[in-house]
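S.K.: Return a 3D structure for these sequence lines:
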Amino acid sequence: MLLSFQPRLFRRHTRFSLVLALAALAAPASAQTVPLAPETIGDPPPLAPAPAPDWGLAVAVRYSNIPYASGKDAVTDFVPLFFYEGERLYLRGLEGGYRLWLPADPRPIPGWGLDAVARYRFYDIPREQQNADRRDALDVGLRLVRPLSPAWRAEADLLSDTDARTHAIARLAGDFGRGPWHYSPALELRVKSSAFNSRYYGFDERDVDAGADIRARLRFRRHLWSNIHLVGAAEVGLLDSAARNSAFVEDDWEWEGMLGLGVFAPPSKLEAVEPAGPLARPYVRFAQGWGSDARLGEILVGQNRSDGVPVYMSSLFYGHPLSDTLFSLPVEVYLTPGLAHHYASSVQGAATEYVLAVKFHYTADIPLLGRVRFGAAEGLSYMDSITFYEQRDMERKGYRSSRLLNHLDFSAELNLGDLFRSRRLDRLWLGAAIHHRSGIFETASLFGRIKGGANFNTVTVNWEL
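M.R.: Numbers count the residues shown, from 1 in each chain. You can find the predicted model right below:
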């Protein structure tokens, strides 16, 4: 059986990964899809280098083995995945980075690059233990990148978990496309410190020597229809001898598979010319809100309650436009990072919330009201301290709370220029929104295998830049 221990939370490094997006979005996105010639009848096009999509949002089911002596062989997870390729900022599923050094060399194969990176690493134990035993880790550090050809690159990562347990990775990675398929193979050599191995393979109960393991991975994506893509991954790794000989490890191998669906930028083959940037304007949204003890479904049908316990928050979001359309419909897509301050009161201390999400906007022209914009967002929310209603919900259900949860936002806004017949107010919107965070019904170890969370009703002011 797995030994119990006193787990630690993400703290500084999780905040780093979410704040990364806030700092980076001031730079314009320059990664555009590369137009390809229209498909012709005959053999499929040959395997060739292919760029990553410039944005995407997906959900996947992850199935992995449990290498530990736990009495269980495998565990299943529900995983949200985020993708974005900008000039400096990028998000690639469960990994994000910011390019600190961009070579100015204009040749097809540029020189060295240096990135700040953050990546989520799973800790696969039986599902029923994942709420109490939080050993999943956010690794942060630096990445040195050297392109070898238009399709292949060499990378070297120096990473640390939240308590300075280090490991380094040497990687050969590629990106290829063939017809509707996109492939990203990688081969890694991971060198782990004794502190790292003792934590994750000795459970802080036994000292495990340093070691080096080898891993192979294939990620893939297939365009199905319009913006819909199939996404998946397969990975296998052979543990080093020190980890394999740990009393807590019974399997020499670690493996996982992932399969899901997502919405992505339209495939480049559908474009006859270089696509222009979105026409949608970036925006800044300020919101003032108050906490609710009602569930999300109850709020959506007008059944709201706060039990007379006042808790308040203020938030500021930036909307970075990604696309003007979704499924060929006039649905605007935004990458929207944000900060929220939760005020101290008699029942809670002050807290800061960091959010990174993808938001979809649809605007309808309604008689007498003018333009009304409806929005829905999906993303991640990290709290440095749990708020009153969320903590009470966790205690009622017998969960240990999680600082990292899923984020949802539902909004409706009126254009004040239309409402008051004033061109000066044309870029100003007034509305209401629900600010929500939860654990997706115990389906995700990423969120601590919890059900429930917190809701805030907010009044919003949105200014288009």
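S.K.: Surely Ala168 touches Val191?
M.R.: Yes - with contact defined as Cβ atoms under 8 Å, Ala168 counts as touching Val191 (4.8 Å). C-beta: built from backbone N, CA, C; applies to glycine.
S.K.: Tell me where the protein has helices.
M.R.: For the chain, the helices defined by DSSP state H occupy 12-24, 194-200, 241-244, 296-300, 388-397, 416-419.
S.K.: rank those by pLDDT, which is bottom?
M.R.: Per-stretch mean pLDDT for those is lowest at helix 12-24 (a mean of 46).
S.K.: ok, Leu261 - contacts?
M.R.: Ala58, Val59, Ala60, Leu224, Ile228, His229, Leu230, Val231 (Cβ atoms under 8 Å, 6 or more residues apart in numbering).
S.K.: Please tell me how far the residue nearest the centre of the chain sits from Glu395.
M.R.: Geometric centre of the chain, nearest residue: Phe82, 4.4 Å, by Cα atoms, centre = their mean. For Phe82, the distance to Glu395 (Cβ to Cβ, to the nearest Å) stands at 31 Å.
S.K.: isn't Gly291 right next to Arg392, touching?
M.R.: No - using Cβ under 8 Å, Gly291 is not in contact with Arg392; the gap is 10.3 Å.
S.K.: With neighbour numbers in mind, choose between these two.
M.R.: When neighbours are counted by other Cβ atoms under 10 Å, Gly291 comes out ahead of the other of Gly291 and Arg392, with 25 against 17.
S.K.: quick one, what contacts the more buried one?
M.R.: Ser306, Val309, Pro310, Val311, Tyr312, Met313, Thr387, Phe388, Tyr389, Ala454, Asn455, Phe456.
S.K.: ok, back up a step: just the ones in strands from the contacts of Leu261, please.
M.R.: Of the positions in those, Ala58, Val59, Ala60, Leu224, Ile228, His229, Leu230, Val231 sit in strands, assigned by DSSP state E.
S.K.: For the residue nearest to the centre of the chain, name its beta-bridge partners.
M.R.: Leu57, Gly93 (DSSP bridges).
S.K.: Show me what counts as buried in stretch 338-356.
M.R.: Gly338, Leu339, Ala340, His342, Gln348, Ala351, Glu353, Tyr354, Val355, Leu356 (16 or more other Cβ atoms under 10 Å).
S.K.: same deal with stretch 212-223?
M.R.: Using 16+ other Cβ under 10 Å as the test for burial, stretch 212-223 gives Asp213, Arg215, Arg217, Arg219, Phe220, Arg221, His223.
S.K.: The second one reaches Gly237, doesn't it?
M.R.: When you say that, I think you mean Arg215. Yes - counting by Cβ under 8 Å, Arg215 touches Gly237, with 3.7 Å between them.
S.K.: where do the contact lists of these two overlap?
M.R.: In contact with both Arg215 and Gly237: Arg190, Glu254, using Cβ under 8 Å, 6+ apart.
S.K.: And the closest residue to Leu102 other than its chain neighbours, how far from Asn462?
M.R.: In this structure, Leu102 finds its nearest non-sequential neighbour in Gly113, 6.4 Å apart by Cβ to Cβ, 6 or more residues apart in numbering. If you measure Gly113 against Asn462 using Cβ to Cβ, the figure is 36 Å.
S.K.: who has more neighbours, these two?
M.R.: Shown here are Gly113 and Asn462; by other Cβ under 10 Å, Asn462 has more neighbours (24 against 17).
S.K.: Contact partners for the nearest residue to the more buried one once chain neighbours are set aside?
M.R.: Of all residues beyond its chain neighbours, the one nearest Asn462 is Trp429 (4.0 Å), with distances taken as Cβ to Cβ, 6+ apart. Shown in contact with Trp429 (Cβ under 8 Å, 6+ apart): Arg373, Glu413, Leu414, Asn415, Leu416, Thr460, Val461, Asn462, Trp463, Glu464.
S.K.: What is the neighbour count of the fourth one?
M.R.: I take that to be Asn415. Count around Asn415 with other Cβ under 10 Å applied: 23.
S.K.: Would you mind confirming that it makes contact with Ser422?
M.R.: No - using Cβ under 8 Å, Asn415 makes no contact with Ser422, being 10.3 Å away.
S.K.: returning to that earlier point: which residues does the residue nearest to Leu102 bridge with?
M.R.: Val145.
S.K.: ok, now the one 5 residues further on?
M.R.: Taking DSSP bridges, one obtains Gly96, Val140 as the residues bridged to Ala118.
S.K.: neighbours around it, how many?
M.R.: For Ala118, using other Cβ under 10 Å, the count is 20.
S.K.: ok, now the one 10 residues further on?
M.R.: The number of residues packed around Glu128, counting by other Cβ under 10 Å, is 11.
S.K.: Relative to Asp393, how far out is it?
M.R.: 20 Å.
S.K.: and if you look at His182?
M.R.: 41 Å.
S.K.: And for Ser381?
M.R.: Per Cβ to Cβ, Ser381 is found 15 Å from Asp393.
S.K.: the more surrounded of the two?
M.R.: More crowded of Ser381 and Asp393, by other Cβ under 10 Å: Ser381, with 26 against 21.
S.K.: For the more buried one, which residues are in contact?
M.R.: Neighbours of Ser381 in contact, by Cβ under 8 Å, 6+ apart: Glu353, Tyr354, Val355, Leu404, Leu405, Asn406, His407, Arg437.
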